[in-house]
Each structure stands twice: as C-alpha cells, then as structure tokens.
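just to be clear, the model below is a prediction. Sequence and coordinates:
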Amino acid sequence: MKQKVVVGMSGGVDSAVAAYLLKEQGYEVIGVTMQIWNEDLPHEEDGGCCGLSAVEDARRVAGVLDIPHYVMNFKKEFQDKVIDYFISEYLLGRTPNPCIACNRYVKWEALLRRSMEIGADYIATGHYAGVGRLANGRYAVRNSVTAQKDQTYALYNLTQFQLAHTLMPVGDYTKEEIRALAEKNGLPVAGKADSQDICFVPDGDYAGFIAQSVPEKIMGPGNFVSESGEIIGIHKGLTHYTVGQRKGLGLSMGHPVFVSELRPDTNEVVISDEDVFATGLVCNRINFMGMENLEKPRRLWAKVRYAHKGAWCTAYQSEEDEISVSFDEPVRAITPGQAVVFYDGEYVMGGGTILQPVKLR
C-alpha cells in the first residue's frame, strides 16, 4: 500500500514541485491549501501563502498532477498563534518572527493533526531544507543544498514528532532547478514570483498594522534618549523601531546613530552613537532538536536572524529554560524577540527566543 502524504500547497512553485517529486517517488499525494487569512486582514491578491490567488493556483497545479486538492480553514490557529503573538511581542518592545510561529503551530501542528485524522503518514512542504535522523536517534532539520535559499532557521522550533512525519523534497535542489522542473512538467506556477516579507503585512508597515489591529494598546510617541539618559528627541512609537536600526529615525545628530534598546515600561527608545554589537546573549523558550540538552558547554554555530551568516559560539544551559551564549567575535544587532538557532555542521541542534544581548565589556 502506498504511503499517503499531505502536501501544503501555497500556490507557489516550491510546494508545487514538492507535490510533483513526491508523486514521482510513489507516494499517494493529497494537496491541501491552508486558508489562514481573515477578511479583515490586508493580504496580497497575487503571490504569497496568504494571497487570494493561492487557492486557485494550487488547484490548477493539482489538476495538472492529477491529485486531489482541498482547502482547510486554519483562520483561528493563525490568529491565535501568529497574529496575536506578533502584535503582543511588538507591544512589549521585542521584534518577533511570525514565520517561525506559523511553521510550528499552523503549518505543522495544525496541518499534521488534521492530516493524520484523514489517514496521512506524512505532511510535506516546499521549504528549502531536509530532515535527517542523527546517531543519537533524534530527528533534525538539515541545510538545503543551496545556502541562498536555505530555510532551516525558520524551522528550528519543530518537535520530534512533527519531524518524524515530515518530508521536504525541495531541499535537494536549487531554486533554478525547481523552476526548471516546474517548467518541464507543465506546472502553471513555474514563473510565479516568490512571496516577500510578512504575508499579512504586505506593505511592510508593521506599526500601521498593529495600530489598526489594537488602537487602544498603542502608547504613541515618547522620548528618544541617549545611553546616559539625556532626552534627544521624540519618537513615533515603539512599534516603529528595532534594535540596530539606523535609518528613518528622524534625528539630526550630525553623525550616524543607532537604536540600542527599546523600553516599553517608560516608552523610550535608547540611541547609541556607536553601532550595536554584543559578545553574547541569553535566550529562553528553548526547543532542542538534534541535541537533548546543553548541560555541558558546547561549541556551536549560531544564527541570530534569518539573514545572519552565522558565528561560532560556546553555549550552555544556564537555567531550566534558558541558554547563555558567548560568541568568539562580537555580533551586530542581537535583537530581543528574534530567534537564535544553533547548528552542528549541516544539522539544526535547536534554538530559542532571544531575551537580551550581553553587551561588550
């Protein structure tokens, strides 16, 4: 009997080719498009997993591949686990990564649960990553063959159970190869542009989205202050800023300045005359993946944001749900709310949410 796999089809070329590859490998493939947008939310008509075209494009691909296609409603999960989290983190002066939350709680947890209810053995996505089982018996996400599109950073929070039931066939190909496969096999999304930015804030105006969503919770303007406490200007509201930001501050200081800290308790944005570097960090909300714990200090490669190339560090578990990290060289713009993800070679060992940077001494 063929093993059954539900492919999360976003309407893009990557998930379309994932479905094609798995069918070629002999799986019984079912396409599912996750309806996650609420009518009140802004979303793009074209492109992106929240786009209005996603369902129709996925349905057209399923027709070409001759596989069944369904739409599943995950609006509540997306609101609770992604949008509400995104807003609350910004209001606390942190910079969240909603794609990580969406992957863990919507694209995997919710989709996997419903897929298994209809008899599926696996779920699959079009992420540029892979899944392997290590010598210690644990499952771990591994790097894709192309560093340019590698998406392992946003997948560090997946659980062992989720990984045991996950297939990621696209991770063995480059983007160019994926588009060529789509073209060769007549998939109608072969030339579709990749989605950009956060899908539910297509114009990139995070502060405007939050103000529209929870106007009663916005603190509004406050003081820009120097690191010594001197008031040097008025800011537009904490949600407009992030650690390391240099542009768009509206301060005429005669030299470049940088956001070094957000203080929601006093509604202050702290400004530094020097670029924001730190020698370490503390993180919590830990998810262990390729390793079971960090009771002993361990040398690891760490990324502090999606576009960070990574840096060598020594990490150890300082509290039950807390890891302390010391970098070999100072790292720029370590931002509370973002994730730090740990690697050993090509595999993800785990990660957590950055609580605070450890400043240069």
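Happy to help now that I have it. Numbers count the residues shown, from 1 in each chain.

I figured residue 295 hits residue 317, correct?
Yes - with contact defined as C-beta atoms under 8 Å, residue 295 and residue 317 form a contacting pair (5.7 Å). Yep, even glycine has a C-beta here, placed from its N, CA and C like the rest.

compare the two (neighbour count), which wins?
residue 317 (17 against 8; other C-beta atoms under 10 Å).

that one should be in a strand, yeah?
Yes - checked against DSSP: H, G, I helix; E, B strand; the rest coil, residue 317 lies within a strand.

show me what it is bridged to.
Counting by DSSP bridges, residue 317 is bridged to residue 323.

shouldn't it be in contact with residue 298?
No - in this structure, residue 317 is not within contact of residue 298 by C-beta under 8 Å, at 9.5 Å.

quick one: low-confidence parts of the chain?
38-52, 196-197, 360-361 (pLDDT under 70).

surely residue 200 is in contact with residue 37?
Yes - between residue 200 and residue 37 there is a contact under C-beta under 8 Å: 6.9 Å.

ok, residue 133 touching residue 139?
Yes - judged on C-beta under 8 Å, residue 133 makes contact with residue 139 at a distance of 5.5 Å.

which one of these two has more residues nearby?
residue 139 (21 against 12).

ok, and the closest non-adjacent residue to the more buried one?
Excluding its sequence neighbours, the residue lying closest to residue 139 (C-beta to C-beta, 6 or more residues apart in numbering) is residue 163, at 3.7 Å.

count the neighbours of that neighbour for me.
Neighbours of residue 163 (other C-beta under 10 Å): 21.

how about it, what does it touch?
131, 139-141, 289 (C-beta atoms under 8 Å, 6 or more residues apart in numbering).

mind listing which of these are in strands?
131, 139-141 (DSSP state E).

looking at these, which is nearest residue 172?
residue 131 (11.5 Å; C-beta to C-beta).

what bridges to the closest one?
With DSSP bridges applied, residue 131 shows beta-bridge pairing to residue 141.

ok, how many other residues are close to it?
21.

and for residue 102?
Neighbour count of residue 102, defined by other C-beta under 10 Å: 27.

what helix or strand does it sit in?
Taking DSSP states H and E as the criterion, residue 102 maps to helix 98-102.

can you list contacts of that helix?
36, 78, 81-83, 85-86, 154-157, 198, 200, 339.

and those residues, which of them are buried?
Neighbour-count burial (16 or more other C-beta atoms under 10 Å) applied to the contacts of helix 98-102 gives 36, 78, 81-83, 85-86, 154-157, 198, 200, 339.

any idea how far the closest residue to residue 35 other than its chain neighbours is from residue 81?
Closest residue to residue 35 in three dimensions, ignoring its sequence neighbours and counting by C-beta to C-beta, 6+ apart: residue 73, at 4.9 Å. Noted for residue 73: a distance of 14 Å to residue 81, by C-beta to C-beta, to the nearest Å.

go on, residue 353?
Residue 353 is 14 Å from residue 81, by C-beta to C-beta.

same thing with residue 270?
From residue 270 to residue 81 the distance is 31 Å (C-beta to C-beta).

hey, where'd the strands end up in the stretch 1-150 of the chain?
4-8, 28-35, 69-73, 122-124, 129-133, 139-143 (DSSP state E, counting those that start in this stretch).

looking at the ones you listed, which is buried most?
strand 4-8 (a mean of 25; mean count of other C-beta atoms under 10 Å).

restrict that strand to CA atoms and write it as CSV.
Extracted C-alpha coordinates of strand 4-8, given in CSV (Å, rounded to 0.1, in the frame of the first residue of the first chain):
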residue,chain,number,x,y,z
LYS,A,4,-0.1,8.8,2.0
VAL,A,5,1.4,12.4,2.2
VAL,A,6,-0.5,15.7,2.5
VAL,A,7,1.4,18.5,0.8
GLY,A,8,0.8,22.0,2.0
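
now the one helix or strand residue 161 maps to - C-alpha only, PDB.
Assigned by DSSP H and E, residue 161 belongs to helix 160-164. Below are the C-alpha coordinates for helix 160-164, written out as PDB (Å, rounded to 0.1, in the frame of the first residue of the first chain):
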ATOM      1  CA  GLN A 160      10.500  15.400  17.200                       C
ATOM      2  CA  PHE A 161       7.000  14.100  16.500                       C
ATOM      3  CA  GLN A 162       6.500  16.600  13.700                       C
ATOM      4  CA  LEU A 163       9.900  15.900  12.100                       C
ATOM      5  CA  ALA A 164       9.200  12.100  12.200                       C
END
